[in-house]
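A.B. asks: Turn this into a structure:
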Amino acid sequence: MAKYRLDEFDGVVHVATGRSIPAEPRNEHWREYLKWAAQGFAPDPAPAPKPKTDEDLLNESDQRWLRSLDWLFQYLVHSGALPLADIPAPIKELYLQRKALRGE
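C.D. replies: Below is the predicted model of the structure:
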């Protein structure tokens, strides 16, 4: 086992500590890794991604659907095509909560 392993984000992981090290030249740990690699050592490969389950795929689809609906409501309300007063109360409450989370 090597001292480092690649991660899925073009960085490395220090195996002993589990610390993620981004590929950032100003990062002291990245520079240590580059010195180690320059000595002829090679990191272990990144672990293979786990196959997505049906639940994972459904969750991703739900998230895309929610982002689309969020965008649609923003567009309709901001354009004046759908007055906020005409939105049913439970949907309006969710819309206003998401608006607050976005800092609007």
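
A.B. asks: burial of residue 21, as a residue count?
C.D. replies: The burial count assigned to residue 21 is 19, neighbours taken as other C-beta atoms under 10 Å. Using the backbone N, CA and C atoms, a C-beta is placed for each residue, glycine as well.

A.B. asks: How about residue 39?
C.D. replies: Neighbour count for residue 39, taken as other C-beta under 10 Å: 6.

A.B. asks: do the one 4 residues further on as well
C.D. replies: Using other C-beta under 10 Å, residue 43 has 18 other residues around it.

A.B. asks: Check whether it really touches residue 10, as I assumed.
C.D. replies: No: when contacts are counted by C-beta atoms under 8 Å, residue 43 is not listed as touching residue 10 (11.9 Å).

A.B. asks: domains of the protein?
C.D. replies: Using automatic domain parsing, the domains assigned to the chain come out as 4-38, 54-101.

A.B. asks: Need these in a markdown table (columns: mean pLDDT).
C.D. replies: What follows is the domains of the chain, written out as a markdown table (pLDDT from 0 to 100):
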| stretch | mean pLDDT |
| --- | --- |
| domain 4-38 | 93 |
| domain 54-101 | 87 |
